[in-house]
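Turn this into a model:
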Amino acid sequence: MIGRLLSFTAVLFVGLAVEANAQPREVEIFYDQYGRQVLLDPYTGEVVEIREPRGSFRRFEEEPIYRPRYDVEPPRDDFARAHREERMRQLGREPYPSMDPLPRYDDFRRLPEPVYPQDDYGYEDEFAREDPWYRPDQPPVQNDTIERRSLDENDMVAIPDDRQPGSIIEQPPATGSLPDVTQQPEPGRAGATEEIAKIQVLLDRVGASPGVIDGRIGDNVNKAIAAYRELTGETLRTYDQEYVEAQLQATGGDAFQNYEITAVDAAGPFVASIPDDYGEKAQMERMGFVSVTEMLAERFHMDERYLVALNPGVNFDRPGTIIRVANVGKQRTAKVTRIVADKGKRQVRAYGEDGKLVAIYPSTIGSAATPSPTGTHKVERIALDPEYTYNPRINFQQGNNTSVLRIPPGPNGPVGTVWIALSKPTYGIHGTPEPSKIGKTESNGCIRLTNWDAQELAKMVQVGATVEFVE
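A predicted model of the protein is given here:
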């Protein structure tokens, strides 16, 4: 896989010890998908230095997938040999049994396998690789199964404001019956890191949406980091954990908070499942959530699997349960009069009356089979929690459905919880039932956002606002 770079620019001076009289020089810093800092000369494009990540933020080389054990050439004297072995043991690298006179060391221990090595993003987790040399110290973590139950009623009240209802609490009650949700899962187990999740929370708060908060580096995070400078006038120093913590405290406090599941949360109502076929969707009363975890993940802008991994062993169906969730910011309240849909960057940019950038959202915009419009159009109407009318004669055909269908409203409907209609017939800006796929898949010509981003934009945009499609 070609390494993805975290596309933000930071200017600093680095003293390079190339010559005795080396002078400080201006460099640009990027991050690749392994978490390494890549320093580039902005004038020549030359790679000045590659810095390995610290601590748990460790990634693996592209080739080879793993390093085999190896023998080190023995030192010429016993003192040097003893010094080397002592140093290796200080680093936690115990020798393996061997027939050779010298011990062997595992110089590249893999982190345990992630909780969900297979995801539905359309690709296989790059860290879920088999390492025949690694002998785990404990059994692998098993995925928790989310059981979804069927209810008699499928009706659901109007979508409430973010994080309502529910109780945010400072500290969980001191009782032995509750799980210890203050403990973080090991980063390698969920294929995610707390450091990246904190950055995602910070980006979400300032209006540079990273999409779902999942603790993973990706294109949506890269674009949001670049947008951070446009929105705040500052460079986001992602490599400086103290700086990130300070910015979190300045924008709303800790990145994570404890939340108590309420009886309303547990009651739903939920639906048993969401069919793929539009004909079957049309027979349902509502396209509601299928589980408490799906509902809470969307409320706190999180990937559902990351929410579960953040709270191992928790029963989400029990009222009173304390869980750990992202501490996202409040919805923005500016008046948006201009929207730019960037097809190349898969990004929506919202501008206020003064022409200043208000927010940036990752998006899915059209496809080769069903391209999005070109040129400039206007917002004609805005609908919250809309139903969807499927008409294969003017849009696309799904499956064997050849007649017009009415698909009921709900967060799992084809357009999610928002429809912002454009002056171009049948096209609009809308939500999605699959927030984790935003920016990674294609749409049927419209502009698709996460439900929470679409809701925020719908409350800011004005009827008559321009929507410009750019390549």
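
can we go C-alpha only for contacts and neighbour counts from here?
Will do.

Relative to Pro53, how far out is Glu28?
Per Cα to Cα, to the nearest Å, Glu28 is found 17 Å from Pro53.

what does stretch 440-453 rub up against?
Outside stretch 440-453, the residues that touch it by Cα atoms under 8 Å, 6 or more residues apart in numbering are 121-122, 162, 209, 211-212, 298-299, 301, 341, 361-367, 369-373, 396, 411, 415-418, 427-435, 438.

Where does the nearest residue to Lys424 once chain neighbours are set aside fall, secondary structure wise?
Using Cα to Cα, 6 or more residues apart in numbering and skipping the chain neighbours, the partner closest in space to Lys424 is His377 (6.6 Å). Assigned by DSSP states H and E, His377 falls within strand 375-384.

Parallel or antiparallel, list what pairs with whichever helix or strand comes after that strand.
Scanning forward in sequence from strand 375-384 by DSSP H and E, the next helix or strand is strand 388-390. Within its sheet, strand 388-390 is paired with strand 405-407 (antiparallel), according to DSSP bridges.

how much does the following helix or strand past the strand it pairs with deviate in direction from strand 375-384?
Next helix or strand after strand 405-407 toward the C-terminus (DSSP H and E): strand 418-422. Angle, strand 418-422 to strand 375-384, by axes from the mean of the first three to the mean of the last three Cα atoms, to 10 degrees: 150 degrees.

Quickly run through the sheet partners of strand 418-422, with directions.
Paired strands of strand 418-422, defined by DSSP bridges, are strand 375-384 (antiparallel), strand 428-430 (antiparallel).

Spit out the contact partners of Val461.
Counting by Cα under 8 Å, 6+ apart, Val461 touches Lys335, Val336, Thr337.

Considering these, which possesses the most neighbours?
Using other Cα atoms under 10 Å as the neighbour criterion, Val336 leads those with 26 neighbours.

Hmm, Glu353 and it touching each other?
Yes. Contact between Val336 and Glu353 holds when scored by Cα atoms under 8 Å: they sit 6.4 Å apart.

helix/strand/coil for Ala458?
helix (DSSP: H, G, I helix; E, B strand; the rest coil).

Any idea how many residues pack against it?
For Ala458, using other Cα under 10 Å, the count is 21.

how close does it get to Thr466?
Distance from Ala458 to Thr466, by Cα to Cα: 14 Å.

cool, and Asn412?
28 Å.

got any ranges where the stretch 1-150 of the chain has weak pLDDT?
Low-confidence segments of the stretch 1-150 of the chain (pLDDT under 70): 1-26, 43, 54-85, 87-150.

coming back round to it: buried stuff in the strand holding His377?
Residues of strand 375-384 classed as buried: Thr376, His377, Lys378, Val379, Glu380, Ile382, Leu384 (neighbour count, 16 or more other Cα atoms under 10 Å).

how far away is the fourth one from Lys345?
Counting by Cα to Cα, the gap between Val379 and Lys345 amounts to 22 Å.

got it, and the fifth one?
Between Glu380 and Lys345 the distance is 25 Å, computed by Cα to Cα.

pretty sure Thr238 is touching Ile199, no?
Yes. Between Thr238 and Ile199 there is a contact under Cα under 8 Å: 7.1 Å.

Between the two, which is the more surrounded one?
Taking neighbours as other Cα under 10 Å, Thr238 and Ile199 compare with Ile199 leading, 26 against 20.

as a whole number, average confidence for stretch 439-458?
The pLDDT scores in stretch 439-458 average 88.

In PDB, could you pull the C-alpha coordinates for it?
Taking Å, rounded to 0.1, in the frame of the first residue of the first chain, the C-alpha atoms of stretch 439-458 are listed here in PDB:
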ATOM      1  CA  GLY A 439     -15.300   9.800   1.700                       C
ATOM      2  CA  LYS A 440     -14.400   6.100   1.000                       C
ATOM      3  CA  THR A 441     -17.200   5.000  -1.300                       C
ATOM      4  CA  GLU A 442     -19.300   6.500  -4.100                       C
ATOM      5  CA  SER A 443     -22.800   8.000  -4.200                       C
ATOM      6  CA  ASN A 444     -25.600   8.100  -6.700                       C
ATOM      7  CA  GLY A 445     -24.800  11.700  -7.700                       C
ATOM      8  CA  CYS A 446     -25.700  13.600  -4.600                       C
ATOM      9  CA  ILE A 447     -23.600  15.000  -1.800                       C
ATOM     10  CA  ARG A 448     -23.500  12.600   1.100                       C
ATOM     11  CA  LEU A 449     -22.400  13.600   4.700                       C
ATOM     12  CA  THR A 450     -22.600  12.000   8.100                       C
ATOM     13  CA  ASN A 451     -26.000  12.500   9.700                       C
ATOM     14  CA  TRP A 452     -24.500  14.800  12.400                       C
ATOM     15  CA  ASP A 453     -22.600  16.900   9.800                       C
ATOM     16  CA  ALA A 454     -25.700  17.200   7.600                       C
ATOM     17  CA  GLN A 455     -27.800  18.200  10.600                       C
ATOM     18  CA  GLU A 456     -25.300  20.900  11.500                       C
ATOM     19  CA  LEU A 457     -25.100  22.200   8.000                       C
ATOM     20  CA  ALA A 458     -29.000  22.200   7.600                       C
END
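
buried residues in that stretch?
Buried residues in stretch 439-458, counted by 16+ other Cα under 10 Å: 439-440, 442-458.

try stretch 329-348
For stretch 329-348, by 16+ other Cα under 10 Å, it's 329, 331, 334-343, 345-348.

Stretch 251-267 too?
Those would be Gly253, Asp254, Ala255, Phe256, Gln257, Asn258, Tyr259, Glu260, Ile261, Thr262, Asp265, Ala266, for stretch 251-267 by 16+ other Cα under 10 Å.

Just the mean pLDDT for it, thanks.
Averaging pLDDT residue by residue across stretch 251-267 gives 97.

Tell me where the stretch 251-400 of the chain has strands.
Using DSSP state E, counting those that start in this stretch, the strands of the stretch 251-400 of the chain run over residues 256-260, 322-326, 336-342, 347-352, 357-362, 364-365, 375-384, 388-390.

Now render these as JSON lines, adding distance to Asp32.
Formatted as JSON lines, these follow (distance: least, Cα to Cα, whole Å):
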{"stretch": "strand 256-260", "distance to Asp32": "25"}
{"stretch": "strand 322-326", "distance to Asp32": "25"}
{"stretch": "strand 336-342", "distance to Asp32": "23"}
{"stretch": "strand 347-352", "distance to Asp32": "20"}
{"stretch": "strand 357-362", "distance to Asp32": "19"}
{"stretch": "strand 364-365", "distance to Asp32": "23"}
{"stretch": "strand 375-384", "distance to Asp32": "34"}
{"stretch": "strand 388-390", "distance to Asp32": "40"}
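
how about these, which one is nearest Val470?
strand 336-342 (5.0 Å; Cα to Cα).

For that closest one, name the packing helices and strands.
The helices and strands touching strand 336-342, judged by 3 or more Cα pairs under 8 Å, 6 or more residues apart in numbering; DSSP states H and E, are strand 347-352, strand 461-470.

Could you list the paired strands of it along with their orientation?
In its sheet, and by DSSP bridges, strand 336-342 pairs with strand 347-352 (antiparallel), strand 461-470 (parallel).

Setting aside sequence neighbours, what's the nearest residue to Asn239?
Careful, residue 239 is Tyr; it's not Asn. Tyr239 sits nearest to Gln37 (Cα to Cα, 6+ apart), 7.9 Å away.
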